[in-house]
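1. need a 3D model of the following:
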Amino acid sequence: MQGAHGKGRLGVAAGLVVVVAGAWGFREAGRFLVVEDPFERADVAVVLAGGPTSRALGASGLYREGRVRELLVMPEPPNAVEGEVVPPAVLEELVRLGLVDPHRPQWARRILVAAGVPSSAVTVLPEAVNGTINEAERVHAFLEGRMPQRLVVVTSRSHSRRAQLIYRYIFRKDGVQVLSSPTPHGAFEADRWWSQPRNALTVLTEYQKLLVNVLTLLLRPSG
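-> Take a look at the predicted model:
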C-alpha cells in the first residue's frame, strides 16, 4: 500500500510539474518572440516591410541617436496605401479622388525624411518581395561586395525573433553581425499577449510562420 501511495504522490507531483511548466511556457510565449540586441553603433539598418509607419519611426530614432549611418528600406507593394494593402480598384478610386499620388515616394521613406533623416542616408530597394526570407536574400544581394560589420534589423516586436533568425542564417557566411532592434512603436504586448484578441492572433500566427521559415531554411539546398 505504501508503494501505491508513493507512486500516487509521485504522479501528482509530476502532473503539477507539467502544469506549472505549461503555464510558464504559455506566459512566456509572447516574450520569446521579442528579441533586442544591445549595440552602440552599426553601419546599416534595414527597415522591413509590412509595418512601415512604426518601423520607420523606430529606424529614424536609431539614426537621430547616431547609432546607424545608413538605412535600407524594403518597399511595400505598389498597392499599399500608407502601409495598408488595398485592392487595385480601391487604389484606383483613391488616386481618382486625389488622395493618393502613385508617384510619391514610399510611405516609410517619407516618414524617415520627415523625422529628420537626410534623404542621402535612405535607400529604398528596387522592388517589393514577399516574405522575410526573400527580403533577407534581397538585402544580401544588394550589399554584395560591401558587407557591413554590423547589420541592424528593424521590425515589429512580435516579428523580431523570426527576423533575427532568418537574417543571421542568410548572412551566416559573410562575417556580418546581425542585430535585432525592434521598433518601440507598436501595440503588441508580450507580457499579457492572451488578454487581447489581436495580440493572441499575432502570437499564434508568428509561431506558425516561425516553424514554416525554419523548415524552409533547413530543407533548402545548401549554398
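2. report the buried residues of stretch 47-67.
-> For stretch 47-67, burial by neighbour count (16 or more other CB atoms under 10 Å) applies to 47-63, 67. For every residue, glycine as well, the C-beta is placed using N, CA and C.
3. this protein: helices as residue ranges?
-> Taking DSSP state H as the criterion, the chain carries its helices at 2-33, 52-64, 88-96, 107-114, 132-142, 160-170, 197-219.
4. wait, what's in contact with Glu82?
-> With contact set as CB atoms under 8 Å, 6 or more residues apart in numbering, Glu82 has these partners: Pro52, Thr53, Trp107.
5. local confidence estimate at it?
-> For Glu82, the model assigns a pLDDT of 75.
6. repeat for Val18
-> pLDDT, read off for Val18, is 41.
7. Ala4 too?
-> So Ala4 comes in at 55 (pLDDT).
8. i'd like the first residue to be 18 from this point on
-> Okay, using 18 as the starting number, the last item reads as Ala21.
9. re earlier: could I get the helices of the chain in a markdown table, plus columns for distance to Pro94?
-> Shown next, in a markdown table, are the helices of the chain (distance: least, CB to CB, whole Å):
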| stretch | distance to Pro94 |
| --- | --- |
| helix 19-50 | 24 |
| helix 69-81 | 11 |
| helix 105-113 | 10 |
| helix 124-131 | 11 |
| helix 149-159 | 12 |
| helix 177-187 | 18 |
| helix 214-236 | 18 |
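10. worst average pLDDT in those?
-> Among the helices of the chain, helix 19-50 carries the lowest mean pLDDT, at a mean of 58.
11. which one of the helices of the chain lies nearest to His202?
-> Among those, the nearest to His202 by CB to CB is helix 69-81 (4.0 Å).
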